[in-house]
Structures are given as structure tokens and as C-alpha cells.
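>>> here is a sequence with its predicted model. Questions after.
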Amino acid sequence: MKKSRMGIITVLLLLAFVLNGCGNSKKDEGSIYYLNFKPEVADVWEEIAETYTKETGVEVKIITAASGTYEQVLQSEIAKREAPTLFQINGPIGYESWSEFCLDLKDTDLYEHLLDKNLAVEKDGGVYGIPYVVEGYGIIYNESIMKKYFALPDKAVSISSAEEITSYDLLKAVVEDMTAHKEQLGIEGVFGSTSLSSGEDWRWQTHLMNMPIYFEFKDKGVNDLDEIDFTYSDNFRNVFDLYVNNSCTDKTQLGTKTVNDSMEEFAKGKVAMVQNGNWAWGQISSIDGNIVSEEDVKFLPIYIGMNGEESQGICIGTENYFSVSSWASKEDQKATIDFLEWLFTSDVGKDYVTNQLGFIAPFDTFEDDEKPTDPLAQQVIETMSDESRQSVDWNFTAFPGQLFKDQFGADLLSYVKEEMTWEEVVSDVKTQWKEQK
């Protein structure tokens, strides 16, 4: 199916190139068209484009795909006359889908500046995807609410701080006791809404699903599988149920909730915890009515009940790789590469990367004082240098693709609505993984 789709796109591209002279109207200087993957920073990319055009005179077009629709939008845009010159793949699996459109970047300065060249997407000596950000995610919590809970004289746990939560059992005990005391704590629920509307479920079908897959891969000593056993499906369910059953939103309403809803609930102090990544601070801090200070925003690992998890860290990695279109004109390719190198090497570009996009950039062009200062990014950086903690790798770059994720998300909603049993969800996950691989 995938091969047929890509074959049709290839034919359409060839026709477009023949009919339009295989070129860009700005043959001398080239131009850039970036299909952005991250809706939460769309405004920043627009500003970057405007700044670069003012500085260089080179046109930069930014289009942002809605959450959960990137693959579909890329499929549509890549076959157009004015196709993206710069787009994103999510790792080796993404490269397999888009390999015929990815330019070899091994001779670029950007690749040379990469701190760990093993992170790049390589094939047969070529470099076709360059990671542009390292990120981390876990359970974000509001320290001020947690302190209020741990000061309760009748709390049900013996620990006295959130930092002492080092296992699923402790997390569950604290969360359920906080729910019992939510009126005293002034919250509507412990967790923000478990967003399950279409396109808004990636925190569960991708990020939370990474946990059991990480441990299954680790058990088997692999970094990919054509078939999975979903060995730790019950561990996934336990954490997912903990989120759902201790949320500020009734489970019957979760199919209408978005990530923005849950982040607003957290920012306004209605909840104490929310699963998300370091990119969330920009969203939290910009919400009207935000009452959460930088000092109170902290990470907990996502504990799922594994042996030795007291030394587990947050999930750190990337699924964000820049690829330049091999179908673009030579002028547009050069303009696009120049734009990327300006972004990650110039003072103006690096300021945008660090202070507005909030990226932890994996390039040697960034000095210590040019790294992000927001509280969640700082904790990611600290975790990476903490030898006592074992970060969880991002293995969802090995997931079959967006269709698998979307189906799993739909199944999770059906499970919450009691339209599917958990056993049926597990069976469907294993079947869909095998078929879509």
C-alpha cells in the first residue's frame, strides 16, 4: 500500500517538474518552504522566517500541519508544484517512507556540527535526516500543590516530598490519596484531562506507549521488532487508568478533550500533574491566567512498575529530523541548507532556537550560556548529565507509523468508553503492529 502511494506521488512530481520546467521562479537565489511539525511553536517559525527574509532577502514560507496530521499534509504538499524544500521525518521508519525525497546531507556544515553523529538517519553512507532538538518528557508536577499535600496531617503515605516518589506503587498511593484530599488541596483533580480527541492523543498512543516498548526492546536486546508481544501491556494500562481515574474530567468527556485543555488546567492550578515534555513550559507560561511559577514546575519519571525503576529517569531523545527535498531545484536546496546553518550557527538564529523555540539543540555551535534556561529544559539537561539516573530512550521512532498510532488512540478511547475490553485492545495493538510493519 505504501509503495503504491509513493509511486503515485513520484509520478505526480515528475509531471509537475516537466510541466513547470523543473525549476523555481527564483532561479538565482532560491527560496525555502518549511512544512512545520510543531503547532505549538508555529508563531515563532513565522517570526524566524520574517527575520531571515529581512536579513538575507531570501523568501521563507512556513506552513504548519495540525496536530496528528503531518504525514497526511506532507503527502499532499510533496506532490505540488511548490513542494516543501524542508520537511521532517521521525527517524529510520520515517525515512523508509520518504527516502526518495531526502537529499544526502553528509557534506553539509550542519552535519559536521552535530555533537553525536550516531543520532543522524544514515543509509549506505549517506545522511538523510539530521536531528535538530533533543527533548525529554515525563510527568510534570506543580511543586506548590505537592508541598501542600505533603503537609497534610492525615496523608496516607510516609514520604514527605515529590522527589521521594521513585516507583509506580508510590506514585499510585500519592495520586489516589491526593484525589481523596482534592477539596483540601484546592484542585479539581490530580491529572489534567487525558486528551483523547482525534489528533490529541499522542501523549498516550506514542509517548506513554514508549514505556512498555522500551522495556520489551530492552529485554530482547533489540531496537526494533516486526512483531511485539506487548509484554508490559498491564503496566501501560495501570498508568493510563491512573491518569483517567484521577483526572479533573469525567471519563465520558475525554473524547472531546485536547492537549491545550490539559495544559490550561495545569497552568491555572486546577490540577497538580500532567504528562508532557519540556516543550510544555512555553505553553504553560503563555496561558492567560497562569499561576504556576518557574520554580514550581518539575518532572517525575513515568513509573510503570518495573524492577529497579527507582533509578529510572525521564524519557529523553528525539523524533525530529530535518530532511531537505532531493526533488527541489539546486538553488532551493542551497537556500534551504543555508537557512538551516544560519539558524543553528548565527547569534540571531541560535537566540530563536534557545529562547523562543525552547530547543535543546544537539550541535557544537551552542555554548553553555546559549542553552535553554526554562525550568523543564534545564531538568532535561541535568538528567542527561546525572549518572545515577538511567534515561528512557525514545523507541517510538520504531513504531509502524501514524496509522498504527491513530488506531491505538481510537482503541484507547473505546476502552475508556467501555466499548472494548483491555484484552481486545492488546490483541488489536499486536495485530496492527505486525500488519503495518
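Done, it's in. Numbers count the residues shown, from 1 in each chain.
>>> the nearest residue to Ser414 once chain neighbours are set aside: neighbour count?
Nearest residue to Ser414, sequence neighbours excluded (CB to CB, 6 or more residues apart in numbering): Met420, at 4.1 Å. To be clear about C-beta, it is placed using only N, CA and C from the backbone, and glycine gets the same treatment. Other residues near Met420 come to 17 when the count uses other CB atoms under 10 Å.
>>> in three-state terms, label the closest residue to Gln402 other than its chain neighbours for me.
Distance criterion CB to CB, 6+ apart; nearest residue to Gln402, sequence neighbours excluded, is Glu71 at 4.7 Å. Three-state call for Glu71 (DSSP: H, G, I helix; E, B strand; the rest coil): helix.
>>> what is the burial count for Glu71?
For Glu71, using other CB under 10 Å, the count is 18.
>>> how about the contacts made by it?
Contact analysis of Glu71 by CB atoms under 8 Å, 6 or more residues apart in numbering lists Ser97, Gly401, Gln402.
>>> for Ala42, give me its contacts.
Listed by CB under 8 Å, 6+ apart, the contact partners of Ala42 are Asn36, Ile62, Thr64.
>>> most neighbours among those residues, which one is it?
Asn36 (21 neighbours).
>>> what does the pLDDT read for the closest residue to that residue other than its chain neighbours?
Nearest non-adjacent residue to Asn36, counting by CB to CB, 6+ apart: Thr64, 4.3 Å away. Looking at Thr64, its pLDDT stands at 97.
>>> worst-scoring helix or strand of the protein, pLDDT-wise?
Between all helices and strands in the chain, the lowest mean by mean pLDDT, DSSP states H and E belongs to helix 2-19, at a mean of 47.
>>> ok, back up a step: any idea how far Asn290 is from the residue nearest to Gln402?
Going from Glu71 to Asn290 by CB to CB, to the nearest Å gives 33 Å.
>>> can you map out the helices along the stretch 301-437 of the chain?
Applying DSSP state H, counting those that start in this stretch to the stretch 301-437 of the chain gives helices spanning 330-345, 347-351, 375-384, 402-416, 422-436.
>>> of all those, which one is nearest Ile314?
helix 375-384 (5.7 Å; CB to CB).
>>> find the nearest non-adjacent residue to the residue nearest the centre of the chain, please.
The centre of the chain sits closest to Glu319, judged by CA atoms, centre = their mean, with a distance of 6.8 Å. If the residues on either side of it in the chain are set aside, Glu319 comes closest to Asn90, at 4.2 Å by CB to CB, 6+ apart.
>>> you'd agree the one you found is up against Thr397?
Yes: counting by CB atoms under 8 Å, Asn90 touches Thr397, with 5.6 Å between them.
>>> which neighbours do those two share?
Here Asn90 and Thr397 have Glu319 as joint contacts, going by CB under 8 Å, 6+ apart.
>>> neighbour count winner among those two?
Neighbour tally, Asn90 and Thr397, criterion other CB under 10 Å: the higher count belongs to Asn90, 26 against 22.
>>> quick one, what contacts that one?
Per CB under 8 Å, 6+ apart, neighbours of Asn90: Glu319, Asn320, Tyr321, Thr397.
>>> could you dump the residues you listed to TSV with pLDDT?
Converted to TSV, the contacts of Asn90 look like this (pLDDT from 0 to 100):
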residue	pLDDT
Glu319	86
Asn320	92
Tyr321	96
Thr397	86
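>>> ok, so of these, who is nearest Val297?
Asn320 (22.2 Å).
>>> look up how far Lys172 lies from the residue nearest to the closest one when sequence neighbours are not counted.
Using CB to CB, 6+ apart and skipping residues adjacent in sequence, the residue nearest Asn320 is Val133, 5.2 Å away. Distance of Val133 to Lys172, computed by CB to CB: 32 Å.
>>> okay, now Leu343: neighbour count?
Leu343: 21 surrounding residues under other CB under 10 Å.
>>> contact partners for the residue nearest to Thr249 when sequence neighbours are not counted?
Spatial nearest neighbour of Thr249, excluding adjacent residues (CB to CB, 6+ apart): Ser193 at 4.2 Å. Shown in contact with Ser193 (CB under 8 Å, 6+ apart): Ser247, Cys248, Thr249, Gln253, Leu254, Lys257, Asp261, Ser262, Glu265.
>>> of the residues you listed, buried ones?
For the contacts of Ser193, a burial check counting by 16 or more other CB atoms under 10 Å picks out Ser247, Cys248, Thr249, Leu254, Lys257, Asp261, Ser262, Glu265.
>>> and the two most separated of those residues?
Leu254 and Glu265 (12.6 Å).
>>> can you give me the strands in the stretch 251-400 of the chain?
Per DSSP state E, counting those that start in this stretch, the stretch 251-400 of the chain carries strands over the ranges 271-277, 297-300, 312-317, 321-324, 390-393.
>>> need the contact list for the residue nearest to Asn320.
Contacts of Val133 (CB under 8 Å, 6+ apart): Thr318, Asn320, Leu357, Phe359, Ile360, Ala361, Pro362.
>>> what about 10 Å?
Shown in contact with Val133 (CB atoms under 10 Å, 6 or more residues apart in numbering): 38, 278-279, 318-322, 353, 357-362.
>>> closest one to Ser144 out of these, please.
Using CB to CB, the contacts of Val133 come closest to Ser144 at Asn278, 19.6 Å.
>>> that closest one contacts Phe299, doesn't it?
Yes: at 8.1 Å, Asn278 counts as touching Phe299 under the criterion of CB atoms under 10 Å.
>>> more neighbours: those two, which one.
Asn278 (29 against 24).
>>> for Glu71, see how far away that one is.
Applying CB to CB to Asn278 and Glu71 gives a distance of 24 Å.
>>> quick one: furthest residue from the center of this structure?
The centre of the chain is farthest from one residue, Pro153, which by CA atoms, centre = their mean lies 39.1 Å away.
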